[in-house]
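S.K.: structure, please.
(one chain, ligands or ions: 1)
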Amino acid sequence: MGRFRGYRMREIHHHNTERSQVRRNRLFRWAAIPLGAAVAIVLAGCSQAASQGFLPGTTETTNHTGRIINLWTGSWVILLGVGVITWSLIIWAAVVYRRRRGQTGFPVQMRYNMPLEILYTGIPLILVLGFFAFTARDQAAIEERIEDPDVQIQVYGKRWGWDFNYVDEDVYFQGTQTQEQQNGNDVVDDSIPVLYLPVGQSVEIKLDSRDVAHSFWVLDFLYKKDVYPSKSNYMYFVPQEEGVYMGKCAELCGEFHSLMLFKVAVVSEEEYEAYTQSLRDAGNVGQVGNELDAFSTEPGTGAPGDGELAPEDEESGENDVDTNDLGQEDGE
Ligand SMILES: [Cu+2]
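M.R.: The predicted model follows:
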């Protein structure tokens, strides 16, 4: 049976050589559609948004964003190339080898084609190794420690807000949870805590949590990092463009996680000095410490927080509690 069928197919093929020539020309016309679409997408890429793969910010937002955008768009270009080739081959095979009128059963089966199998194995291997190498290269550059940063900031994540210690200036800001508008679906803009950074200066951000795992994510910086209790993480970068950038907690941390917003204001050196001075004038001198850690403030733990927050410490007079003083270490 099988041999007979194979014979019949070859016969049909032989008689139809001329017609299949015509068909092949028609096929090229069909192939032109996906190719044309791909070219259109590439040409549309001339717009700013598309040329950076629809990522927010610009290549100059921080000293890392150009590198991140290149990795992202470069990966997409290669993967779309693979996609176009693969989709074209699938469509081509489906059209050329479709069942013709009068054909029955299976066509001749092909297997153990060494060159093809080497190709199938080799190309993905090269792609995976390539992506790995470029990712490792960029990650190493982004994570590289700045030994002597111009500005040191300590960020505390807490349910559901942020505290900012300006380490060199010895001042601090305690944020609260972002407020929702009473009528409407938006938040009260003024209630979002703001971290100020001077433009063009190298920054080290030390990340700590008072309670659960959070994540510090500035959207336009194209980078986020987990914020853990009892382990410090670090971020190093140079903000290069003045502006106000939205940030949010990127780790589901509880009921009001969605309101754990913040902003990063990248400002001139003078504005930065003026801002930290305003904190000093408001009495926010010193550093917010770990005394407000959710674990150490549990009653009866005997942790360092207990004594400092207890109102019976009358000598110092520091503890006639005004919330701004809570958890403030002796800065001087
Ligand atoms: Cu959070």
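
S.K.: any low-confidence regions in the stretch 201-332 of the chain?
M.R.: By pLDDT under 70, the low-scoring segments of the stretch 201-332 of the chain are 296-332.

S.K.: now for V82, how many residues are close by?
M.R.: By the criterion of other C-beta atoms under 10 Å, V82 has 13 neighbours. Glycine gets a C-beta too; all of them are placed from N, C-alpha and C.

S.K.: can you classify it by secondary structure?
M.R.: For V82, the secondary-structure state derived from DSSP: H, G, I helix; E, B strand; the rest coil is helix.

S.K.: now the nearest residue to it once chain neighbours are set aside, what's its secondary structure?
M.R.: Distance criterion C-beta to C-beta, 6 or more residues apart in numbering; nearest residue to V82, sequence neighbours excluded, is L127 at 7.2 Å. Using three-state DSSP, the secondary structure recorded for L127 is helix.

S.K.: look up how far the ion lies from L127.
M.R.: 36 Å (C-beta to the ion, to the nearest Å).

S.K.: which stretches in the stretch 101-250 of the chain count as helices?
M.R.: Here the stretch 101-250 of the chain has its helices, by DSSP state H, counting those that start in this stretch, at 114-143.

S.K.: which residues of it lie near the ion?
M.R.: 214, 249 (C-beta under 5 Å from the ion).

S.K.: could you pull out the strands for the stretch 101-250 of the chain?
M.R.: 151-158, 161-166, 171-174, 194-198, 203-209, 214-218, 223-227, 233-237, 243-249 (DSSP state E, counting those that start in this stretch).

S.K.: helices or strands next to the third one in the packing?
M.R.: What it means is strand 171-174. For strand 171-174, the elements it packs on are strand 161-166, helix 269-281, judged by 3 or more C-beta pairs under 8 Å, 6 or more residues apart in numbering; DSSP states H and E.

S.K.: tell me which of these is the most buried.
M.R.: With neighbours defined as mean count of other C-beta atoms under 10 Å, these peak in mean count at strand 161-166, which reaches a mean of 23.

S.K.: who's in contact with that one?
M.R.: 151, 153-156, 172-178, 193, 195, 260, 262, 276, 279, 287-288 (C-beta atoms under 8 Å, 6 or more residues apart in numbering).

S.K.: any idea of the angle that strand forms with strand 223-227?
M.R.: Using axes from the mean of the first three to the mean of the last three C-alpha atoms, to 10 degrees, one finds that strand 161-166 and strand 223-227 are set 100 degrees apart in direction.
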